[in-house]
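S.K.: Need the 3D shape of this:
(2 chains)
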Amino acid sequence: MASQSHSHLNGDSNTHIPKKPKLSSLSSSFITEVEIQSEFSHHDSTIARINNGSFGCCPSSISNSQQHFQLQFLSQPDHFYFSHLKPGILRSRTLLQSLINAQHLDEISIVDNATTAAAIVLQNVAWSFAEGKFNQGDVAIMLHYAYGAVKKSIEAYLTRAGGHVIEVHLPFPVNSNEEIVFEFRKALEKGKENGRKVRLAVIDHITSMPSVVIPVKELVRICREEGVDQVFVDATHGIGCTDVDMQDIGADFYTSNLHKWFFCPPSIAFLYCRKSSQCLDLHHPVVTHEYGNGLAVESAWIGARDYSAQLVVPKVFEFVDRFEGGIEGIKMRNHENVVKMGQMLAKAWGTNLGCPPEMCASMIMVGLPACLGISRFLIKSTTKSMIITSSGMQLMSLLAMGSLALFFMVEEMCGLVLGYFSWFCNHELPK
Amino acid sequence: MDEKEDPRNGDHVTKKPKLLKLSISDPEFLLGSEFSHHQPGTARINNGSFGCCPESIIAAQRTWQLRFLKQPDHFYFSTLRPNLSKSRAVVKTLINASDLDEISLVDNATTAAAIVLQQVGRRFSHVNDTVVMFHCAFPAIKKSIQAYVTRAGASVIEVRLPFPVNSDSEIIAEFRKGLSKAKSNGGKVRLAIIDHITSMPSVLVPVRELVEICREQGVDQVFVDAAHAIGSVPIDVQEIGADFYVSNLYKWFFAPPSVAFLYCRKSNSSSSAMHHPVVSHEYGNGLPIESSWIGTRDYSPQLVIPTIIEFVNRFEGGIEGIMARNHEQVVKMGKMLAESWGTSLGSPPEMCASMIMVALPSKLCVTSDDDAFSLRTHLREKYKVEVPIYYRPPCEDDGEKEPRDKDGFWRIIKFARCFRPNEKVGSYRSSLPSNDVCVSPVADTCGLTKFKNNRILEDTNG
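M.R.: Predicted coordinates:
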């Protein structure tokens, strides 16, 4: 069979569980620094990448695996479509189900990114308004610092359908979870004024700009207490960054990108939909012949395109297991290093962190020195830091430390950044 | 130009390929260099489903992918948008659009349909609002109509595509009938969806005439689903006159999976109300801009379009030459099979482009969609022939004229031609003793088998 001669390239077309990787070193069963360097040798070596949060990073062994799938498709696409695609996506979904502790496989759909997941959830809300299930003026709550695309999605699907949006003003800099919870409760109360119903709460697990870990479990609990219909957690930075347990968090919908902190190629995300009567009518906006067969099946075929990024998930699990402690170990070391780096910078500049270390995961916000005189939104591509202004004219630099923290010397990286900013203190910024 | 922009990136953009002028008589060269990744020994006669992508395009695509991975922020801020514009500009010229803003790049025709139908769905205002489409519209389109039209409370009228068909006028007559029916109880036809080349069965539809009729009859908007058109037939959107026109570039235009263009006529006021269903921060900046950023993902198939133009220009006559030769070859092959089997074509040659419908011998006893699927699977597994098979159920209008071959009823095979017919013959020939490439497996099958419920039985009828 022609297909079998190709399956050996992928190594594991018939098994559910990824095979244990071959031990590459005699002295240790874990990945070595040299191997890590080689896995990321395609990165531009002249750039300090401290913005892993935007686009993530993908090891070469995963890219190679992706190429095998791409070639397998191109070699005999009909056969691939009829015999390989669905089982491959099913394998990926099965692994994700156990990773996030979801109860049912049906609850896991794979989509391109969190932006797509948001469109799916919000389109469903729009239909509820259009079909009279929700009343005009019913409310959705979102965080003030929700991601730009999600805000636009809410505008496109919810506001346009007659819903009313209330923003939770997130304090920043922030000192404790209590401050966030307090603001959230205030917004909920406002939402329920005049007998309105709060139909949806959109809560970031880790906000993007500025970056803070939100106490989602607690906020979800408050939503249940206060009779919010559905809760959607936008955890675009969740997997590989913080703990993700669906039973623990308790949301109705939860999405996370896998190409940011989980080494997948661009792009892939999962959307978790808690099994309940409310979520049965979710649909992918790109409709194919699979329409009506459940979101997971609809998402697995949205027309002819390259699904290879969705098929490499088993390989990614293997990759992650080459590190001590697997993904937990990676998360922990990322967090330690980014906090260390952030504290070092804040001390060197005489500024502070945007939030306490326990409210950070793999990203940290560090106050920039006022001497920079930055009073507007500015993106500095050379340091790969994004700089925003907060209300108090205090500047924060987002330093996103990803997997690369494993092999960059923290001090060396900080040296680079310090040097750059010292230069700026002595020179006028271009207008 | 972008390629020379930034030495820091040290990247290697696709070197210009050796500009070798190739004629179609160099199949060995092409086979060896551009399509060696195709599974050897398989006769790919279903180019229509998934297309084919030459290695030089795959290599160009990888270069884009690597550039992104190397320094994604820089790629996002400086490389992506200008190069997507270049691709859009190429498409604009190809299809004779008047304005670059009319061209958006999306994944596939299925996505384009969602965009058009979402927009139409928002415009429904009366109980009698109707959408008209062909009964053999692509299944994804039908479901899209269910999701966005029927759900919004509008009705759907299906126009029967006569098949087998003998002339454009048969199609036009049915279309007029369908429009009248749609308008019969005071209904307003909000949208007509017209395939430029239907998929199953495959027929070249007289779209220009049908669009004209729509305008005469006061149809609000016309959407041409031309999934197969680009690289199959010449496209002139000014001449065709539709409001929306979509075609997949990965089917007949050598793009990798997947990229399609959606053309939205500027003069149509709804064009500004079109949105990509995946909403990002570009929402409200026009469909082309919205489509150029729908979150982080691999946009490389959309970036290689200029490289594809270079590829097709290596052939004599460029894309026009390829289209003409594909058409000639597929007609020749279809006629040869029909003659050999004692059956006939599904439509006259002038109503075919790069695909042709040939009736299968009735001895195969294909009497359902399942049988057709089993036969297709059997041909793939046993003979390594990949070809889609269409089951044409008996029609109430058939009566005396029910199509028959010398032994019984029609069953039709669809042959979808790729641009190198000789390549297929050559590679297939190497794995079979017979010279008669596609006739032999089916002839063998006729002689030996009867298909029922996926089981192959000995045919006692001989």
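
S.K.: What's the end-to-end length of stretch B:61-81?
M.R.: Using CA to CA, to the nearest Å, one end of stretch B:61-81 lies 16 Å from the other.

S.K.: try stretch B:199-208
M.R.: Stretch B:199-208 has an end-to-end distance of 18 Å (CA to CA).

S.K.: Repeat that for stretch A:226-244.
M.R.: The first-to-last residue distance of stretch A:226-244 comes to 24 Å (CA to CA).

S.K.: One more: stretch A:45-64?
M.R.: Using CA to CA, the distance between the terminal residues of stretch A:45-64 is 20 Å.

S.K.: can you give me how far it is from the chain middle?
M.R.: When C-alpha coordinates are averaged (CA atoms, centre = their mean, to the nearest Å), stretch A:45-64 and its chain have centres 15 Å apart.

S.K.: So what's the model's average confidence on that stretch?
M.R.: Predicted confidence along stretch A:45-64 averages 92 (mean pLDDT).

S.K.: does it come close to chain B?
M.R.: Yes. Using CB under 8 Å from any CB of the partner chain, a contact is recorded between stretch A:45-64 and chain B, made by A:46-47, A:49, A:51, A:54-58, A:63. Every residue, glycine included, has its C-beta placed from N, CA and C.

S.K.: in the chain, which spans are strands?
M.R.: Using chain A. With strands called from DSSP state E, chain A shows them at A:108-111, A:139-143, A:164-168, A:198-204, A:230-234, A:253-257, A:269-273, A:363-368, A:378-380, A:385-389, A:395-400.

S.K.: was after chain B, sorry
M.R.: Listed in chain order, the strands of chain B (DSSP E) span B:43-44, B:103-106, B:129-134, B:155-159, B:188-195, B:221-225, B:244-248, B:260-264, B:355-360, B:385-386, B:389-390, B:411-416, B:449-452, B:455-458.

S.K.: what's the fourth one packed up against?
M.R.: Secondary structure elements in contact with strand B:155-159, counted by 3 or more CB pairs under 8 Å, 6 or more residues apart in numbering or on different chains; DSSP states H and E, are strand B:129-134, helix B:168-183.

S.K.: now do the first one
M.R.: Counting contacts by 3+ CB pairs under 8 Å, 6+ apart, strand B:43-44 packs against strand B:385-386, helix B:421-429.

S.K.: Same question for the fifth one.
M.R.: Taking 3+ CB pairs under 8 Å, 6+ apart as contact, the helices and strands that strand B:188-195 lies on are helix B:109-123, strand B:129-134, helix B:168-183, helix B:207-216, strand B:221-225.

S.K.: want to try CSV for the ones you listed, with mean neighbour count and mean pLDDT as columns?
M.R.: What follows is the helices and strands packed on strand B:188-195, written out as CSV (neighbours: other CB atoms under 10 Å in any protein chain shown; pLDDT from 0 to 100):
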stretch, mean neighbour count, mean pLDDT
helix B:109-123, 25, 94
strand B:129-134, 24, 95
helix B:168-183, 18, 96
helix B:207-216, 18, 98
strand B:221-225, 26, 97
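
S.K.: can you tell which of these is closest to A:R185?
M.R.: In terms of CB to CB, the element of the helices and strands packed on strand B:188-195 nearest to A:R185 is helix B:109-123, at 35.9 Å.

S.K.: hmm, the closest one in reach of chain A?
M.R.: Yes. Applying CB under 8 Å from any CB, one finds that helix B:109-123 is in contact with chain A at B:109-111, B:113-114, B:118.

S.K.: picking up where we left off before, and B:A353, which of the helices and strands packed on strand B:188-195 is closest to it?
M.R.: Minimum separation from B:A353 across these (CB to CB) falls at helix B:207-216, 12.1 Å.

S.K.: and the gap between A:L282 and A:Q97?
M.R.: For A:L282, the distance to A:Q97 (CB to CB, to the nearest Å) stands at 17 Å.

S.K.: I should have written B:E170 there, sorry.
M.R.: For B:E170, the distance to A:Q97 equals 53 Å [CB to CB].

S.K.: Please apply the same query to B:S36.
M.R.: From B:S36 over to A:Q97 (counting by CB to CB), the distance is 39 Å.

S.K.: How is chain B partitioned into domains?
M.R.: Using automatic domain parsing, the domain ranges for chain B come out as B:64-309, B:318-456.

S.K.: Could you check the longest helix anywhere in chain B and say which residues are buried?
M.R.: Using DSSP state H to define each element, chain B has its longest helix at helix B:318-341. Of the residues in helix B:318-341, those with enough neighbours to count as buried (16 or more other CB atoms under 10 Å in any protein chain shown) are B:319, B:321-323, B:325-327, B:329-331, B:333-334, B:337-338, B:340-341.

S.K.: check contacts around A:L188.
M.R.: Each residue near A:L188 by CB atoms under 8 Å, 6 or more residues apart in numbering or on different chains is listed here: A:141, A:198, A:201, A:222-223, A:226, A:228.

S.K.: one more time with 10 Å
M.R.: Each residue near A:L188 by CB atoms under 10 Å, 6 or more residues apart in numbering or on different chains is listed here: A:139, A:141, A:166, A:168, A:198, A:201, A:219, A:222-223, A:225-228.

S.K.: Kindly identify which of those residues also come near chain B.
M.R.: Filtering the contacts of A:L188 for proximity to chain B (criterion: CB under 10 Å from any CB of the partner chain) leaves nothing.

S.K.: so which of those is the most crowded?
M.R.: Each of the contacts of A:L188 was scored by neighbours using other CB atoms under 10 Å in any protein chain shown; the highest score is A:A201's, at 29 neighbours.

S.K.: Would you quantify the distance from it to A:V165?
M.R.: Separation of A:A201 from A:V165 (CB to CB): 11 Å.

S.K.: which residues do the two both contact?
M.R.: When contacts are counted by CB under 10 Å, 6+ apart, A:A201 and A:V165 have A:139-142, A:191 as shared neighbours.

S.K.: show me where pLDDT drops low in chain B?
M.R.: B:1-29, B:31, B:395-462 (pLDDT under 70).

S.K.: swap in chain A?
M.R.: Within chain A, the stretches falling below the threshold (pLDDT under 70) are A:1-28, A:277-280, A:374-431.

S.K.: In the stretch 351-462 of chain B, what residue comes closest to chain A?
M.R.: B:E386 (5.0 Å; CB to the nearest CB).

S.K.: My read is that that residue contacts B:T42, right?
M.R.: Yes. The pair formed by B:E386 and B:T42 meets the contact definition of CB atoms under 10 Å, at 6.1 Å.

S.K.: and for these two, which residues touch both?
M.R.: Contact with both B:E386 and B:T42 is made by residues A:76, A:78-79, B:380, according to CB under 10 Å, 6+ apart.

S.K.: How many neighbouring residues does residue 270 have?
M.R.: Since you didn't name a chain, this refers to chain A. There are 32 residues near A:F270, going by other CB under 10 Å.

S.K.: was after chain B, sorry
M.R.: Residues near B:S270, counting by other CB under 10 Å: 17.

S.K.: and the gap between it and chain A?
M.R.: When CB to the nearest CB, to the nearest Å is applied, the distance between B:S270 and chain A equals 15 Å.

S.K.: for B:A59, same thing?
M.R.: Distance, B:A59 to chain A, by CB to the nearest CB: 12 Å.

S.K.: what sits against the residue in the stretch 151-300 of chain A positioned nearest to chain B?
M.R.: Closest residue of the stretch 151-300 of chain A to chain B, CB to the nearest CB: A:P285 (3.4 Å). Listed by CB under 10 Å, 6+ apart, the contact set of A:P285 reads A:116, A:119-120, A:122-123, A:157, A:298, A:302, B:111, B:114-115, B:118, B:144, B:147-148, B:276-279.

S.K.: A:A156 reaches A:G163, doesn't it?
M.R.: No. Because the distance of 11.2 Å does not satisfy CB under 10 Å, A:A156 is recorded as not touching A:G163.

S.K.: If we ignore the residues flanking it in sequence, what's nearest the residue of the stretch 101-250 of chain A at minimum distance from chain B?
M.R.: Nearest residue of the stretch 101-250 of chain A to chain B (CB to the nearest CB) works out as A:T115 at 3.3 Å. Closest residue to A:T115 apart from its sequence neighbours, by CB to CB, 6 or more residues apart in numbering or on different chains: B:G295 at 3.3 Å.
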